[in-house]
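J.: Sequence first, then the predicted structure, then my questions.
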Amino acid sequence: MPPFPSHRLLKGSTFVPCESLKNARFIPVTWSHPRQLEGGNVDAPNLEKPWALASYALERIPACRRWFEPSAVESAKENHILSQRLNISYLKPFGEIMVPIEAMRTPKYPTKADVMTGRDQASSSEETFDRISAPLNLLLAYLTPPYEVNVRLYLAQFPLADLPRPLRDDLPTPSIINHIGKGDIYNSSLWMGLSPTYTSLHKDPNDNFFVQLAGRKTVRLIEPTEGRTMYDRVMRKLNRRGSSAMRGEEMMVGAEKEAFETAVWDDGAEEWKHVRGWEAKVKATDALFIPKGWWHSVRGEGEGEVNVSANWWFR
């Protein structure tokens, strides 16, 4: 991988790196306008690098309008980011469907009474992780304010094909896939929870078109060879062998999660300063193309924000 990746990936789209980025481990992906690609204005080499599309889903994915109720939350730091709530009245009629939910319990913050009685020592100091099958209503209740802070529920990688027809129609296959691929959908998934969310370093066996429906995520991407080297090095340090498939339990809690978080996300970690890659910060309605075989890790940003994404793996 070159010391500073090229960013001229899309026709009509340019990126001029500033001096402050030259020593950055992860530099921004190229952003473009959807109409550039939908007009077939794509060079074949472009599909070998990640790129992002601003506001792609706004007029193309009905779920962006039907599933959420916007509530403005002003923040000087976040430049008036729009926080969203689920449109529970729209989704609740479908609440009886069974969905796979990841349940993560975070360490409890001890109260003064806990400290005085010694119960703070007895309470778990580690995250716990379980997978359960439950009605969608359970997740909808969790995603209705006020939010529970010590338990995280997350709908991860739920096949869009298993959604009731009205919800499935709200998430049509992006037409852009026909322009950048053969239109052969390998699989598609829905992701829904409260930030912060996390997916550890992994790679996909097919090209991935990712759409952020609500909330914000940061995706860090590493090209196939360097990503493989990083993954293998972390696993050797842990004296483990594992699959690079995403969301194995060992990836979600414990030593493996911490090791990969450090490798990918700790820019001050001396051991990993040589690793270079790309970064995409996506907000609601933005889209991201992740090429086949590229290693990536994903973080849902913020605290207690509804965070929903969909993606399509395709050939």
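T.: That came in fine, so what should we check first?

J.: C-alpha from now on. contacts and neighbour counts both.
T.: Will do.

J.: and Lys182, how far is that from Trp312?
T.: Using Cα to Cα, to the nearest Å, one obtains 13 Å as the distance from Lys182 to Trp312.

J.: what about those two, which has more around it?
T.: In this comparison of Lys182 against Trp312, neighbours counted by other Cα atoms under 10 Å, the higher total goes to Trp312 at 24 against 10.

J.: tell me which element that one falls in.
T.: Under the criterion of DSSP states H and E, Trp312 resides in strand 306-314.

J.: Mind naming the longest helix for this structure?
T.: In the chain, taking DSSP state H as the definition, the longest helix is helix 224-237.

J.: helices and strands around the helix or strand just after that one, which ones?
T.: Using DSSP H and E, the helix or strand that follows helix 224-237 in sequence is helix 249-252. In this structure, helix 249-252 packs against strand 128-135, strand 198-202, helix 255-265, with contacts taken as 3 or more Cα pairs under 8 Å, 6 or more residues apart in numbering; DSSP states H and E.

J.: Tell me where the chain has helices.
T.: When assigned using DSSP H, the helices of the chain occupy the ranges 34-38, 63-66, 88-91, 112-117, 119-122, 136-142, 165-169, 176-180, 224-237, 249-252, 255-265.

J.: quick revisit: show which residues not belonging to the strand holding Trp312 make contact with it.
T.: In this structure, residues lying in contact with strand 306-314 by Cα atoms under 8 Å, 6 or more residues apart in numbering are 83-86, 143, 173, 177, 181-195, 206-216, 300.

J.: if we can go back for a sec, so can I have JSON lines of the helices of the chain showing distance to Thr128, mean neighbour count and mean pLDDT?
T.: Output for the helices of the chain, formatted as JSON lines (distance: least, Cα to Cα, whole Å; neighbours: other Cα atoms under 10 Å; pLDDT from 0 to 100):
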{"stretch": "helix 34-38", "distance to Thr128": "41", "mean neighbour count": "15", "mean pLDDT": "68"}
{"stretch": "helix 63-66", "distance to Thr128": "32", "mean neighbour count": "17", "mean pLDDT": "96"}
{"stretch": "helix 88-91", "distance to Thr128": "28", "mean neighbour count": "14", "mean pLDDT": "97"}
{"stretch": "helix 112-117", "distance to Thr128": "20", "mean neighbour count": "11", "mean pLDDT": "45"}
{"stretch": "helix 119-122", "distance to Thr128": "15", "mean neighbour count": "12", "mean pLDDT": "48"}
{"stretch": "helix 136-142", "distance to Thr128": "18", "mean neighbour count": "17", "mean pLDDT": "97"}
{"stretch": "helix 165-169", "distance to Thr128": "31", "mean neighbour count": "14", "mean pLDDT": "98"}
{"stretch": "helix 176-180", "distance to Thr128": "38", "mean neighbour count": "18", "mean pLDDT": "86"}
{"stretch": "helix 224-237", "distance to Thr128": "21", "mean neighbour count": "15", "mean pLDDT": "95"}
{"stretch": "helix 249-252", "distance to Thr128": "9", "mean neighbour count": "18", "mean pLDDT": "73"}
{"stretch": "helix 255-265", "distance to Thr128": "12", "mean neighbour count": "18", "mean pLDDT": "95"}
